[in-house]
Structure formats: structure tokens, C-alpha cells
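**Student:** A predicted structure for the sequence below; I have some questions about it.
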Amino acid sequence: MGRNEGKDRNGRPVLEWIVGVTSAIVVCAIVAFLAYEALFGDMRPPDLAATIDRVEEVGDGTLVVIAVSNRGDQAAAEVVVEATLEGGDPEASGKEVRFDYVASHAVRRGAFVIEGQAVKGGDVRLQVHGYAEP
């Protein structure tokens, strides 16, 4: 066997050509996929939902930890979530939390502190009031 077996006439190994061509094909495929998604991909607006993660007693009140999830394809900014108490003190029932930014397909967490009374998870109703485009 000669030393030049497996090399082209410029002295490059054939394996180098195979790896180079394969890499170029993969890069072109990725660029084509991203271009297709940018032009024709389905972009659903933000789909926001607020849920209660947990409720725990703290000091002389109750901490209500919430999670806001965005199931849409677009991000949302300035998300406003309001908590109201069923049959509770009207003064304590208007709590609200603002989230600066909720990315697409992401979850953000926040908390309300309701002073002076014990609250159960079923007593709290959450409502997402709105958002702005970032």
C-alpha cells in the first residue's frame, strides 16, 4: 500500500472531504429550517393562565404563591394577575401582582400576602387581567 491511498491529488484525506460536506449539509438544513419557521411558523398569541402553587401561614397572614404560565408562542409583558377572596374581607380581596415579562412556553412565579386572616387555596380566585407586547 502506498502512502497516498485515501487522499485526493491535493493531499487531503478523503475523510476530511466527507466530514466537510456533511457539516455543510447540516448547516444548510438548519438555516433552511429556521428560515421556514420565521416565515411560515404558527405564532399563537400569549395564552396566560394563573394557578395557585401553595398556600402557607406566615406571621399574622397567609402567603399565596402563584404560577403564571404562558402556553402561547409569543411573549407577554406587564402581565397583571389579581386575586380575589370568596366571601372574605373586601379590603383584602383586591390583591394584584405584576410580572414584567413572561416568555413563551415559560412559567413565572409570584406571591400575594393576605394579612390578618387564614385563607385556604379554594377561597382564592385568580384572574389574568391583561398584558402588553414586549
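**Tutor:** That came through, no problem.
**Student:** Look at A75 and say how many residues are nearby.
**Tutor:** 17 (other Cβ atoms under 10 Å). (Each C-beta comes from the backbone N, C-alpha and C, glycine too.)
**Student:** likewise Y101?
**Tutor:** For Y101, using other Cβ under 10 Å, the count is 14.
**Student:** Need the pLDDT of V113.
**Tutor:** Predicted confidence (pLDDT) for V113: 86.
**Student:** wait, is it part of a helix?
**Tutor:** No: with DSSP: H, G, I helix; E, B strand; the rest coil as the criterion, V113 is strand rather than part of a helix.
**Student:** right, and it touches E56 too?
**Tutor:** No: V113 is beyond contact range of E56, at 10.7 Å (criterion: Cβ atoms under 8 Å).
**Student:** so what sits against both of the two?
**Tutor:** Shared contacts of V113 and E56 (Cβ atoms under 8 Å, 6 or more residues apart in numbering): 62-63.
**Student:** Tell me which of the two has more neighbours.
**Tutor:** V113 (12 against 9).
**Student:** pLDDT on the helix or strand harbouring H129, on average?
**Tutor:** Secondary structure assigned from DSSP states H and E places H129 in strand 124-132. Mean pLDDT, computed over strand 124-132, is 90.
**Student:** domain parsing for the protein?
**Tutor:** Residue ranges for the domains of the chain, per automatic domain parsing: 1-41, 48-132.
**Student:** Deepest-packed of the ones you listed, please.
**Tutor:** Across the domains of the chain, averaging neighbours per residue (mean count of other Cβ atoms under 10 Å) puts domain 48-132 on top, at a mean of 15.
**Student:** on that earlier part again, parallel or antiparallel, which strands does the strand holding H129 pair with?
**Tutor:** strand 76-85 (antiparallel) (DSSP bridges).
**Student:** chain center to the partner strand: distance?
**Tutor:** Once both centres are worked out by Cα atoms, centre = their mean, to the nearest Å, strand 76-85 turns out to sit 16 Å from its chain's centre.
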